[in-house]
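Asks: this one's structure only:
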């Protein structure tokens, strides 16, 4: 490549770059300026060379600001400094200016000026500063958050823990990088690792509840939220812990209070029923029995036999009704003959009184092993429910099944008649629901036909 070609390439480079390149003689008169000056100052090189001074280009204010650097450069000292420049279009650019003294035989002949646009660098630094501030703010947020948080990788290696997490499990920063089976109790670590795949394959978060003993040996309950996290192509599991101990304790106390209220209500009902049964047995039944004996004596003396027989029949019927009522109020047959037979007697009585079909089609024998209170609660729930269905639900057919499944009693009732919505507000039904709640149970209702319905009751603790 010849000398002219090299100069042509060099000039092409000088004219192409967006940095300003110029030469100012010792009198600060422009002797060369590339095309970039047109973009920065709105004046071309042709208009500057031999016609304009550096002071004229910069203006009085900017020239005065740059004058200390100019003087030192004219003394042979290279100068570099930053400056904001405003273009003719109003754009503010950040620049890095360098004054190179052109020295020959110890004398400064002029200045070579290079001004680079550092606006992108400044913006990048601003972004970096904001990112740093954001990271620092986030780190402070995490360190001061009362909610424990952590991140571990797919292999179970702990990658991050905030301060709350370390305090909750009595860990330290040096534990980061250790496998979780070395940091947490064995059962807890195994449970976490066992559900790792479920969390990693989940599109969202996975919630669970865990218990842990704090440093005061108090059992605490946490709500755990875990979710998958992809970082640098590696799968991670992040999680939060919310301490819900107080809420759980408050809910437990509320449930215990409700249970005690239901227990008192049921005990009061049973006491009232027992008192009524005793009064009927001791007073009313004796009175009716005496009347029956008197009628029999009168009939023997030749009175109107037909009338007396009719009266005697009515008395016998009343005595039978009262006997059944007493038994319903205080069902001793549960203990005498068993729950199954007591339920069958109740079904037969409903058939007799309401002229419908009531059938106990299944009864697990294990239920007979219930204690007296469990049997009594079961009997009350069933008999009250069937009575409401027959009396208010217009049930023409009722079938009952009693099953013992997974240490719980399950009662299945199917009937033809009115929908459950028609009977739900009847006081007897409210009593049924109270007893179900007392037994820590659930009741569900389902339509299976035009006027066919199913009621499913599960009692987890029939004795309350």
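Replies: Arrived safely, thanks for sending. As the structure is a prediction and not an experimental result, all values here were calculated from the model.

Asks: in the chain, which residue is closest to the centre?
Replies: residue 207 (6.5 Å; Cα atoms, centre = their mean).

Asks: Are we agreed that it is in a helix?
Replies: No. Assigned with DSSP: H, G, I helix; E, B strand; the rest coil, residue 207 falls outside any helix and is strand.

Asks: Next one: it from residue 201, what distance?
Replies: According to Cβ to Cβ, to the nearest Å, residue 207 and residue 201 sit 15 Å apart. C-beta coordinates here come from the backbone N, C-alpha and C atoms, glycine included.

Asks: now swap in residue 336 and tell me
Replies: In terms of Cβ to Cβ, residue 336 sits 59 Å off from residue 201.

Asks: Give me the helix or strand of this protein that scores worst on average pLDDT.
Replies: helix 305-329 (a mean of 60; mean pLDDT, DSSP states H and E).

Asks: thought residue 388 was touching residue 429?
Replies: Yes. Look at residue 388 against residue 429 with Cβ atoms under 8 Å: they come within range, at 5.5 Å.

Asks: so residue 83 bridges to which residues?
Replies: residue 95 (DSSP bridges).

Asks: so it sits right up against residue 93, yeah?
Replies: No. Counting by Cβ under 8 Å, residue 83 does not reach residue 93; the two are 9.4 Å apart.

Asks: Outside of stretch 372-379 itself, list whatever touches it.
Replies: 266, 270, 331, 334-335, 339, 342-343, 346, 367, 370, 402, 409, 411, 435, 438-439, 459, 462-464 (Cβ atoms under 8 Å, 6 or more residues apart in numbering).

Asks: Where does pLDDT dip in this protein?
Replies: Scanning the chain for pLDDT under 70 picks out 1-4, 214-215, 256, 258-259, 261-333, 335.

Asks: tell me the domain boundaries of it?
Replies: Per automatic domain parsing, the domain ranges recorded for the chain read 3-122, 145-243, 247-330, 333-464.

Asks: ranking those by burial, who's on top?
Replies: Of the domains of the chain, the one with the most neighbours on average (mean count of other Cβ atoms under 10 Å) is domain 333-464, at a mean of 17.

Asks: what about the helices in the stretch 301-450 of the chain?
Replies: 305-329, 333-336, 339-354, 372-391, 427-438 (DSSP state H, counting those that start in this stretch).

Asks: How far off centre is stretch 360-375?
Replies: 39 Å (Cα atoms, centre = their mean, to the nearest Å).

Asks: Next: stretch 146-154.
Replies: 17 Å.

Asks: Tell me the span between the first and last residue of that stretch.
Replies: 26 Å (Cα to Cα, to the nearest Å).

Asks: Number the residues from 140 up from this point.
Replies: Noted, 140 is the first residue going forward, which turns the last one into stretch 285-293.

Asks: quick one: contacts of it?
Replies: Taking Cβ under 8 Å, 6+ apart as the rule, stretch 285-293 contacts 281, 297-301, 303-304, 306-308, 319, 335, 339, 361, 368, 373-381.

Asks: Show only the entries of those residues found in helices.
Replies: 281, 303-304, 306-307, 335, 339 (DSSP state H).

Asks: Dump these to TSV, plus distance to residue 393.
Replies: What follows is those, written out as TSV (distance: Cβ to Cβ, whole Å):
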residue	distance to residue 393
281	34
303	28
304	30
306	30
307	26
335	35
339	37
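
Asks: Give the bridge partners for the nearest residue in space to the residue nearest to the centre of the chain that is not next to it in sequence, please.
Replies: Among residues not flanking residue 346 along the chain, residue 364 sits closest, at 5.5 Å (Cβ to Cβ, 6 or more residues apart in numbering). Here residue 364 sits in beta bridges with residue 346, residue 379, going by DSSP bridges.

Asks: From residue 322, how far out is residue 364?
Replies: 19 Å.

Asks: Now render the domains of the chain as a markdown table, adding distance to residue 273.
Replies: Converted to a markdown table, those look like this (distance: least, Cβ to Cβ, whole Å):
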| stretch | distance to residue 273 |
| --- | --- |
| domain 142-261 | 18 |
| domain 284-382 | 16 |
| domain 386-469 | 33 |
| domain 472-603 | 50 |
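
Asks: contacting residues for the residue nearest to the centre of the chain?
Replies: Counting by Cβ under 8 Å, 6+ apart, residue 346 has contacts 362-364.

Asks: Could you do residue 183 as well?
Replies: 172, 174, 176-177.

Asks: Could you tell me the phi and psi values at it?
Replies: Per-residue torsions, residue 183: phi -80, psi 160 (degrees, to the nearest 10).

Asks: Likewise for residue 358?
Replies: The phi/psi pair for residue 358 (degrees, to the nearest 10) is phi -70, psi 130.

Asks: Surely it is in contact with residue 387?
Replies: No. Using Cβ under 8 Å, residue 358 is not in contact with residue 387; the gap is 10.0 Å.

Asks: circling back: just name the closest of the contacts of residue 346 to residue 558, please.
Replies: Using Cβ to Cβ, residue 362 is the member of these that sits closest to residue 558, with 38.3 Å.

Asks: ok, for the closest one, nearest residue in space, not its chain neighbours?
Replies: residue 381 (4.4 Å).

Asks: any idea how far residue 569 is from that neighbour?
Replies: 36 Å.

Asks: show me the contacts for the closest residue to residue 522 other than its chain neighbours.
Replies: Closest residue to residue 522 apart from its sequence neighbours, by Cβ to Cβ, 6+ apart: residue 485 at 4.7 Å. Shown in contact with residue 485 (Cβ under 8 Å, 6+ apart): 467, 518, 521-522, 525.

Asks: Looks to me like residue 600 is in a helix.
Replies: No. Read with three-state DSSP, residue 600 is coil and lies in no helix.

Asks: Any chance of the backbone angles for it?
Replies: phi -140, psi 80.

Asks: Can you give me the separation between it and residue 584?
Replies: Applying Cβ to Cβ to residue 600 and residue 584 gives a distance of 22 Å.

Asks: do the same with residue 531
Replies: From residue 531 to residue 584 the distance is 15 Å (Cβ to Cβ).

Asks: How about the secondary structure of the nearest residue to residue 191 once chain neighbours are set aside?
Replies: Closest residue in space to residue 191, ignoring its immediate chain neighbours: residue 169 at 5.3 Å, by Cβ to Cβ, 6+ apart. Following three-state DSSP, the label given to residue 169 is strand.

Asks: All set, thanks.
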